[in-house]
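Undergrad: predicted model follows, preceded by the sequence.
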Amino acid sequence: MTLVSRRTLMTGSAGLLLAGCDRINSSPSVTHTLDLAEGLAYRTQRLIVGREALAPEYGVGDLSPVFRSNGNALPRSPIWQGLAASGFRDWRLRVDGLVRRRLALSHGQLRALPRRTQITRHDCVEGWSAIGQWTGVQLSLVLALAGLARDARYIVFHCFDDFSGTPYYESIDLVDAFHPQTILAYGLNGKPLPIQNGAPLRLRVERQLGYKHAKFLDRIEAVASLKDIAGGKGGFWEDVTGYEWYAGI
Amino acid sequence: MVVTRHRWPTRVWHWLNALTVFVMLMSGLMIFNAHPRLYWGRYGANFDHAWLQIGADSRGGFVNVEGLRVPTTGVLGQWHDRSGAVQTRAFPWWATIPSHYDLAGSRRWHLAFAWLLVVPGLLYWLWSFARGHFCRDLLPRAAELRPSHVWQDVKDHARLRFPTGAAALRYNILQKLSYFGVIFVALPLLVLTGLMMSPGMDAALPWLLALMGGRQSARSIHFVCAVAIAAFIAVHILMVLLAGPRNELRSIVTGRYRLPGRRA
């Protein structure tokens, strides 16, 4: 075999290999097999990362000079725009689903609850990180006020923003919901939460990637299963592009 | 004379890695394409200083390393896809899995094959320590690390003077350093820096994250190690071709290796 024909063979087979990879990538059974790794990562992390293990917290000197915004920076929803126009005076965080008491909490009521301030790192699935100081109320306090029903397994966050008309939403399990650093944040870097970062209220779930941190919160719902919500995969990006529901890695 | 060269764990691990490492490298390049900038420290995003950036501007594709702009139009930053359209992602379609922009897809491949890299890798480590492969064949001896000895080996490689007879069975110092470096430095660092990019694992092992200098440093080290592995593979394949691909391939497939005869 001459070197030229070997090279032709090699580039040719590389092309075939790549075309094959793309076919493999779009095959549902392959996707399903690869998705097993998500469950493995989820269970492994739940096993070896302590329930209460804290995400690293940083000092004021570590703050990103500019905390960039990502995803939607300004919801198009007329309801949200109306609420924003009056400084969110009439906004209420609804808490419902599998709870003993439905809640509708105003900004003032949330601020009256014990607050937690934490300087943490926001890791986008794309690869960048930004460090910010978040202030808010622990989700566990709000859930305690509502009282979870026995069959509640997940907490779903419904948002005011949308992509091409499909509303944004996210969900987490109860381990992360009751984690001490999981807060509903109304402040960033000592100021009221800016609109581009999710005003009036956003989720911080510090042991997962950025797309889990739902912004522009409208309603929190406790559910037994994620199957019947939107696309059934537990979040907007999970439904639309196939990002992992468990984004701890 | 034909002898047994590579034991079966080495051969199985080699070919498993031949697949796994390619999937990891190519899916990793696609993940890099989602944010083609690298930083040092705890944080790093678009408004922060990147020590490495691959991108495109009016002059075409470029790689920027600490302010040094290297034009790379056609390969990195700006290239033609299979339909002939101009794309401005960092790594081109033929280097990534999947070949079209798909962060979710590349993460799926990367995070699944990571298990195939880590679990057999740990087993191979255990085996190579337990059976003495590590100490006998891979650990450089003090005498071999003398600069004069290393330099002699560099000169032998440059002149393509490969050992003959029984001497060919022992790894020379450059081989030892590269195999040792890949198995016990680059691969473990890749795995650990990969884990430290996980916000979940950072909560479990904050001291390891601190040791690496923060998440964006971990991401940079991860990329540098991946480039080192890619360079190792290129040199490795070149050396196999130069040393006699038929004999070398047989030894890593069947274990049987023919001792090279004297040079004429």
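TA: Nice, I can see it. Numbering: from 1, shown residues only, chains lettered A, B, ... in the order given.
Undergrad: nearest residue to residue 106 in space, please, no chain neighbours.
TA: By default, I'm working from chain A. residue A:92 (5.8 Å; C-beta to C-beta, 6 or more residues apart in numbering or on different chains). Every residue, glycine included, has its C-beta placed from N, CA and C.
Undergrad: you looked at the wrong chain, it should be chain B
TA: residue B:30 (3.5 Å).
Undergrad: doesn't that neighbour belong to a helix?
TA: Yes: assessed with DSSP: H, G, I helix; E, B strand; the rest coil, residue B:30 lies in a helix.
Undergrad: list the contacts for it?
TA: By C-beta atoms under 8 Å, 6 or more residues apart in numbering or on different chains, residue B:30 lies in contact with B:91, B:96-98, B:101-103, B:105-106.
Undergrad: do residue A:167 as well
TA: A:158-161, A:230, A:236.
Undergrad: pretty sure residue B:203 is touching residue A:56, no?
TA: Yes: Residue B:203 sits in contact with residue A:56 when judged by C-beta atoms under 8 Å, with a separation of 7.4 Å.
Undergrad: spell out the secondary structure type for the closest residue to chain A within the stretch 51-200 of chain B.
TA: Closest residue of the stretch 51-200 of chain B to chain A, C-beta to the nearest C-beta: residue B:200 (2.9 Å). Assigned with three-state DSSP, residue B:200 falls in the helix class.
Undergrad: for the nearest residue to residue B:13 once chain neighbours are set aside, give me phi and psi.
TA: Leaving aside its sequence neighbours, residue B:13 sits nearest to residue B:124 (C-beta to C-beta, 6+ apart; 4.6 Å). Dihedral angles of residue B:124 (phi, psi; degrees, to the nearest 10) stand at phi -70, psi -40.
Undergrad: show me the contacts for residue B:124.
TA: Applying C-beta under 8 Å, 6+ apart, one finds that residue B:124 lies in contact with B:9-10, B:13, B:183.
Undergrad: again, but for residue B:80
TA: So, once contact is read as C-beta under 8 Å, 6+ apart, residue B:80 ends up touching B:74, B:86-87.
Undergrad: name the nearest residue to the residue of chain A found nearest chain B, ignoring sequence neighbours.
TA: Each residue of chain A has a distance to chain B, by C-beta to the nearest C-beta, and the smallest belongs to residue A:248, at 2.9 Å. With sequence-adjacent residues excluded and distances taken as C-beta to C-beta, 6+ apart, residue A:248 is closest to residue B:200, at 2.9 Å.
Undergrad: list the contacts of residue A:176.
TA: Residue A:176 is in contact with A:182, A:205, A:207-208, counting by C-beta under 8 Å, 6+ apart.
Undergrad: keep only those of the residues you listed that are also close to chain B.
TA: The subset of the contacts of residue A:176 within reach of chain B, by C-beta under 8 Å from any C-beta of the partner chain, is A:207-208.
Undergrad: got the contacts of residue A:176 as CSV, with neighbour count, secondary structure and pLDDT columns?
TA: Putting the contacts of residue A:176 into CSV (neighbours: other C-beta atoms under 10 Å in any protein chain shown; DSSP: H, G, I helix; E, B strand; the rest coil; pLDDT from 0 to 100) gives the following:
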residue, neighbour count, secondary structure, pLDDT
A:182, 25, coil, 98
A:205, 25, coil, 98
A:207, 27, coil, 98
A:208, 27, coil, 98
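Undergrad: farthest pair within the contacts of residue A:176?
TA: Greatest spacing in these, by C-beta to C-beta: A:182 and A:208 (9.5 Å).
Undergrad: any shared contact partners between these two?
TA: In terms of C-beta under 8 Å, 6+ apart, residue A:182 and residue A:208 are both contacted by the residues A:172, A:176.
Undergrad: how does chain A divide into domains?
TA: Following automatic domain parsing, chain A resolves into domains at A:1-48, A:54-240.
Undergrad: return the most buried member of those.
TA: Ranked by mean neighbour count, those are led by domain A:54-240 with a mean of 18 (mean count of other C-beta atoms under 10 Å in any protein chain shown).
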